[in-house]
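[1] structure for the following, please:
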Amino acid sequence: MLTIQNLEAAYGKVQVLHGISLDVPKGSLVTLIGSNGAGKTTTMRAISGMIKPRAGKVTLAGKDITGLDSHRIARSGLAHSPEGRRVFATMSVTDNLLLGAFPRFTRARPKGDVAHDLERAMELFPRLKERREQLAGTLSGGEQQMLAMARAVMLNPDVVLLDEPSMGLAPILVEEVFRIITRLKSEGVTMLLVEQFAAAALNVADYGYVLENGRISVHGPADSLKHDPKVVAAYLGGGQAH
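    Below you'll find the model as predicted:
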């Protein structure tokens, strides 16, 4: 569904990604874990068009989307819930969600039943339902994170990129976020998850990749990575289990 081959990316003269390759099969949840500064967010930005890759290829459902503008990549069926939430603060919760569906109104994506999907999003994220007319900027950090995730799902995408969805959240909200991710997975939503809580990510994922200094150091089924001594020592210590 989503295939990344030999991807290289840089900020100016500083190269961050050194030829990484990964695969996100249809209907699966794949996680990318690694320490701060390893290049996880850069990977997501290069996939979704927020930065232009230096080299390599990104393919979505057989279509080459490498280096396209973000809005064209979204129209191709890839939704990105970015690190740091980034909601439209002066718009209501409902309008933020409808904006996520915008390519469906312009026929750039299959329209489907937007009203039904809006209600489904509210049901998936009950906190948003209670605040549907509230301005997004007045929501708590956790609620804004849920709104960013729900807005991505409103595209009715082929693949969702979730970049650090638990960042800065209280433990009870981290549990809520992972409950929602598990629910989306059960509904067959294809996802690539970047997550600081490696144990929680591997508990919910089908397959995992470990990124170190811009290179994939190890990858495999999530269950096997959870028991890999190097992965355990580097990323699963300190009681991060979910």
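[2] check what pLDDT residue 180 gets.
    pLDDT for residue 180: 90.
[3] before we move on, what about residue 241?
    40.
[4] quick one: the helices in the protein?
    Taking DSSP state H as the criterion, the chain carries its helices at 40-48, 70-75, 93-100, 102-105, 114-124, 126-130, 141-153, 171-186, 198-204, 222-225, 229-235.
[5] find the centremost residue of the chain, please.
    residue 162 (1.4 Å; Cα atoms, centre = their mean).
[6] re earlier: got CSV for the helices of the chain, with mean neighbour count and distance to residue 30 too?
    (C-beta placed from N, C-alpha, C; glycine too.) Shown next, in CSV, are the helices of the chain (neighbours: other Cβ atoms under 10 Å; distance: least, Cβ to Cβ, whole Å):
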stretch, mean neighbour count, distance to residue 30
helix 40-48, 24, 12
helix 70-75, 17, 18
helix 93-100, 21, 22
helix 102-105, 17, 24
helix 114-124, 16, 21
helix 126-130, 16, 26
helix 141-153, 23, 16
helix 171-186, 16, 11
helix 198-204, 22, 10
helix 222-225, 18, 9
helix 229-235, 15, 15
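[7] got a markdown table for the ones you listed, with distance to residue 54 too?
    Formatted as a markdown table, the helices of the chain follow (distance: least, Cβ to Cβ, whole Å):
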| stretch | distance to residue 54 |
| --- | --- |
| helix 40-48 | 9 |
| helix 70-75 | 17 |
| helix 93-100 | 30 |
| helix 102-105 | 28 |
| helix 114-124 | 36 |
| helix 126-130 | 38 |
| helix 141-153 | 26 |
| helix 171-186 | 31 |
| helix 198-204 | 27 |
| helix 222-225 | 28 |
| helix 229-235 | 27 |
